[in-house]
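>>> I would like the atomic coordinates for the input below:
(chains A, B and C)
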Amino acid sequence: MGREMTASLVVFFVLAALAVIGALSLIIQKHPIHSALSLIVVMVALAGLYLLMGAEFVAAVQIIVYGGAIMVLFVFVIMLLNAGVEEHTSISKMAGAPGLLLVVALAGFVSASIARSAASVQTASQSGTMSSTKEISGMIFKDFVYPFELTSFLILIAILGATVLAQREKS
Amino acid sequence: MNSFLAANAELLITIVKIALLLFVVLTVNAYLTWFERKVVAHIQSRWGPHRVGPHGLLQPLADGVKFLFKEDPTPAGVDKFVYFLAPLLALSLALTSIALIPFGPDPIHLFGHDIYLGIAPPDVNIGILALFAITAMGVYGVALAGWSSNNKYSLFGGLRSSAQMVSYELALTMSVVGVLLMAGSFNLKDIINAQAPLPGHPDRGILGWNVWPQILGFFCFFVAAIAETNRVPFDLPEAEQELVGGFHTEYASFKFAMFFIAEYTSMITVSCLCTIMFFGGWLSPFPASWTFTHYLPSAILIPFGLWVIWDGIRYETIFGRVILPGVGTAIAALGAVFVFLPGVNDFIQGPFWLLSKILVFLFVYVWMRGTLPRFRYDQLMSFGWKLLLPVSIVNVILTSFAILAKLQWGGK
Amino acid sequence: MVPTNYYVILSAILFGLGVFAFIFKRNIITIFMSIELMLNAVNLAFVAFSQALGKLDGQVFVLFVIVVAAAEAAVGLGIIILIARNRQTLNVERVDLLKL
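Okay, here's the model as predicted:
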């Protein structure tokens, strides 16, 4: 480490460790509900990292939407379907080896390409002044208004699709 | 030692504030249960707890001791980790939301530091959004409790309860958007200051509160908040199946107490939010030019203290005859202190009004519990989706039009 | 301040773990959760670059990614419920009627 341990660096390492432990726990746990809880831990850790970077609106939206709605949906489905402990067959164990190789290759490639880039990009953000909700909403409703309307259509289609899919057959 | 204290002063002040607030919130919870039992009893023409201490005031203490000493069995076949996690999650999230609420406008100046009333600093830019984030995570306590109990009825009770919470969360957040549009910020302090007397209207008082322009929003918010905290008339998931299940059936003494405390704490949080967003928070309802209303706290406390003394002297038990006059003297002395120290009196105005309004909302909550019948589950869900959500969306549209109209034509 | 490459390396590690979970796990719901993990890793990279460059476009895009993930989760879980209803299994290896 070429720099002293400032408070933000310590907080970063704690949150990063929490996120990685959560992701590992997602893989290691046998019961889907424990995997879901680990994913919630990852999301809360990521929200903490967003706060550390000064993106407070995104952090709040991450917890409200991802952690409070999407993961609740996952937990509901796991409870309703009574998902049990999963068994691993021989095929999945064989797939584990190339999977591990792929992970190491992917992460290593990205890290190497970053380490070789010109200068490690030093951040100089004034947290809060730039990421105000006012500015983000200005951008959404002025520059990105077409994607915004399209995503609202997308959500409507998703609602219709989910309702149709979940209907029982009228036999 | 002194330099260590000086360097970490902010941290130490925050830790002391957290300990103090935790103690206060837990005591208020305990006495809220006493208050609820007394009020519901009087609505039903009976006495309520009146044996355990003078006027039953030591009943919460007895309940606490009972919770500590009762047997705490763990049913067979539960998922141990999730079973222990659920009440912990519910309680910690409920208590965390109290940390974001500001209890008064002015800081105390002590040892050269400005100590604000409230744990979070007053410039949290996403104040109310963070509160909703914590409320959104509160669904997990209920859902995981229902699932991990290894009991069909708990599972269905937990699922119904969490489905109800998720549905009413939408109406809750939408109903607040009107207030946010008017205040222009998520910060709780800014929301209160937007209802304060303006340079053009110095005597606004009660007329400046958000409840008058946002009456639809207030209705939606209050009803959605009651459904969110699983209180009567929306407590079907934990009441009908109380005969068989409900998400906290398999939880015994101390874990059940954790759910209980979580429910009352979220009641307190919702009352705080209601007063801050719609009823002016710490602002006085009287116009600012009526300075004699600054003596209102003392004018309430001193007669109340004297009445407690008078009632205590004639109480039946000896214990009551000793304790009640003591409590009454303390209350009257507090009121007298406010009269004689004008600096303290000015400081106490904000918190006094905030606490009285919170007390009024808590009384309304308890009043509804004693009066209203329960919703059936399908009536509950259709009420949330088909009435509250459209009304809150209409509120947002109307508020936006009003603000736009004011900008276009009213700004001259 | 924390340099940006720390965030991007963390994002790469999380993405890699998501890919591993996607390949290795057999339960449909866990596979779906690994997709969400990958999306979250990408969000982290977006916000990190947005902060490094000083523009807000990255954060706005993160909001869109979250919205699309929500829509995808709704439909995907609907499909999972249908599979569970029709094939009575949540093991992705048993859903192989289209195999040769």
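>>> The lowest-mean-pLDDT helix or strand in chain A packs against which elements?
Taking mean pLDDT, DSSP states H and E as the measure, chain A has helix A:90-115 as its least confident helix or strand, at a mean of 78. Secondary-structure packing of helix A:90-115 (3 or more CB pairs under 8 Å, 6 or more residues apart in numbering or on different chains; DSSP states H and E): helix C:4-24. Where you see a C-beta, it was placed from the backbone N, CA and C, and this is true even at glycine.
>>> does the helix or strand following the helix it packs on come close to chain A?
Next helix or strand after helix C:4-24 toward the C-terminus (DSSP states H and E): helix C:28-53. Yes: Helix C:28-53 lies within reach of chain A by CB under 8 Å from any CB of the partner chain, at C:29-30, C:32-34, C:36-37, C:40, C:43-44, C:47-48, C:50-52.
>>> Most widely separated two among the residues you listed?
Across those, no pair lies farther apart than C:Ile29 and C:Ala52, at 35.3 Å, counting by CB to CB.
>>> Just the CA atoms of stretch C:7-23, as CSV, please.
The C-alpha coordinates for stretch C:7-23 follow below in CSV (Å, rounded to 0.1, in the frame of the first residue of the first chain):
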residue,chain,number,x,y,z
TYR,C,7,-13.7,-0.2,-7.0
VAL,C,8,-13.3,-1.6,-10.5
ILE,C,9,-11.3,-4.6,-9.2
LEU,C,10,-13.9,-5.3,-6.6
SER,C,11,-16.5,-5.1,-9.3
ALA,C,12,-14.6,-7.6,-11.4
ILE,C,13,-14.3,-10.0,-8.5
LEU,C,14,-18.0,-9.8,-7.8
PHE,C,15,-18.8,-10.3,-11.5
GLY,C,16,-16.5,-13.3,-11.6
LEU,C,17,-18.1,-14.8,-8.6
GLY,C,18,-21.5,-14.2,-10.2
VAL,C,19,-20.4,-16.1,-13.3
PHE,C,20,-19.1,-18.9,-11.2
ALA,C,21,-22.4,-19.2,-9.3
PHE,C,22,-24.2,-19.1,-12.6
ILE,C,23,-22.3,-22.1,-14.0
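>>> follow-up on the earlier one: whichever of the residues of helix C:28-53 next to chain A end up buried, select them in ChimeraX.
Only the buried entries of those go into this ChimeraX selection, using 16 or more other CB atoms under 10 Å in any protein chain shown:
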select /C:29,30,32,33,34,36,37,40,43,44,47,48,50,51,52
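>>> Which secondary structure elements does the helix or strand harbouring B:Leu380 sit against?
B:Leu380 belongs to helix B:377-382 when assigned by DSSP H and E. In terms of contacts (3+ CB pairs under 8 Å, 6+ apart), helix B:377-382 is packed against helix B:152-183, helix B:236-239.
>>> Measure how buried residue 14 is and give me the count.
Picking chain A for this. Neighbourhood size, A:Val14 [other CB atoms under 10 Å in any protein chain shown]: 12.
>>> hm, I was asking about chain C
Residues near C:Leu14, counting by other CB under 10 Å, number 26.
>>> residue boundaries of the helices in chain A?
Secondary structure of chain A (DSSP state H): helices located at A:7-28, A:32-52, A:56-61, A:71-81, A:90-115, A:133-142, A:145-166.
>>> The second one close to chain B?
In other words, helix A:32-52. Yes: contact of helix A:32-52 with chain B (CB under 8 Å from any CB) involves A:33-34, A:37, A:40.
>>> Go through the residues you listed and name the one nearest A:Met139.
Each of the residues of helix A:32-52 next to chain B was checked against A:Met139 using CB to CB; the closest is A:Ile40, at 29.0 Å.
>>> shouldn't that closest one be in contact with A:Gly67?
Yes: contact criterion CB atoms under 8 Å: A:Ile40 and A:Gly67 qualify, at 5.9 Å.
>>> can you tell me which helix in chain B is longest?
helix B:9-43.
>>> from the middle of its chain, how far away would stretch B:299-309 be?
25 Å (CA atoms, centre = their mean, to the nearest Å).
>>> buried ones in it?
Buried-residue list, stretch B:299-309, by 16+ other CB under 10 Å: B:301-302, B:305, B:308-309.
>>> Touching that stretch from outside, list them.
The contact list for stretch B:299-309 (CB atoms under 8 Å, 6 or more residues apart in numbering or on different chains) reads B:324-325, B:327-336, B:338-339.
>>> Just the CA coordinates for that stretch, please, in CSV.
Written as CSV, here are the backbone C-alpha positions of stretch B:299-309 (Å, rounded to 0.1, in the frame of the first residue of the first chain):
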residue,chain,number,x,y,z
ALA,B,299,-48.8,26.4,32.0
ILE,B,300,-49.4,22.7,31.2
LEU,B,301,-46.8,21.1,33.4
ILE,B,302,-47.4,23.0,36.7
PRO,B,303,-51.2,22.3,37.0
PHE,B,304,-50.6,18.7,35.9
GLY,B,305,-48.0,18.3,38.6
LEU,B,306,-50.2,19.8,41.2
TRP,B,307,-53.1,17.5,40.1
VAL,B,308,-50.8,14.5,40.4
ILE,B,309,-49.9,15.5,43.9
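>>> what residue is smack in the middle of the chain?
Looking at chain A here, since you left the chain open. Nearest to the mean C-alpha position of chain A, by CA atoms, centre = their mean, lies A:Met43 at 5.4 Å.
>>> Oops, wrong one, chain B.
Geometric middle of chain B (CA atoms, centre = their mean) lands on B:Ile268, at 1.4 Å.
>>> check contacts around that residue.
Residues in contact with B:Ile268 (CB under 8 Å, 6+ apart) are B:25, B:28-29, B:32, B:98, B:358, B:362.
>>> got the buried residues for the helix or strand where it lies?
Assigned by DSSP H and E, B:Ile268 falls within helix B:253-278. Within helix B:253-278, the residues that count as buried by 16+ other CB under 10 Å are B:255-278.
>>> hmm, back to that, read off the pLDDT value for the residue nearest to the centre of chain B.
Predicted confidence (pLDDT) for B:Ile268: 93.
>>> Look up how far B:Trp367 lies from it.
According to CB to CB, to the nearest Å, B:Ile268 and B:Trp367 sit 16 Å apart.
>>> Quick one: check stretch A:53-65 for contact with chain B.
Yes: with CB under 8 Å from any CB as the criterion, chain B is reached by stretch A:53-65 at A:56-57, A:59-60, A:63-64.
>>> tilt between the longest helix seen in chain C and helix A:32-52?
In chain C, taking DSSP H as the definition, the longest helix is helix C:57-87. Angle of helix C:57-87 versus helix A:32-52, following axes from the mean of the first three to the mean of the last three CA atoms, to 10 degrees, is 170 degrees.
>>> check whether helix C:57-87 contacts chain A.
Yes: applying CB under 8 Å from any CB, one finds helix C:57-87 in contact with chain A at C:57, C:59-60, C:62-64, C:66-75, C:77-82, C:84.
>>> B:Leu93 contacts B:Ala133, doesn't it?
No: applying CB under 8 Å as the test, B:Leu93 and B:Ala133 come out as separate, 9.9 Å apart.
>>> shared neighbours of those two, anything?
Residues touching both B:Leu93 and B:Ala133 (CB under 8 Å, 6+ apart): there are none.
>>> picking up where we left off before, how far off centre is the next helix or strand after the helix holding B:Ile268?
If you walk from helix B:253-278 toward the C-terminus, the next helix or strand you reach (DSSP H and E) is helix B:296-313. The gap between where helix B:296-313 is centred and where its chain is centred comes out at 25 Å by CA atoms, centre = their mean.
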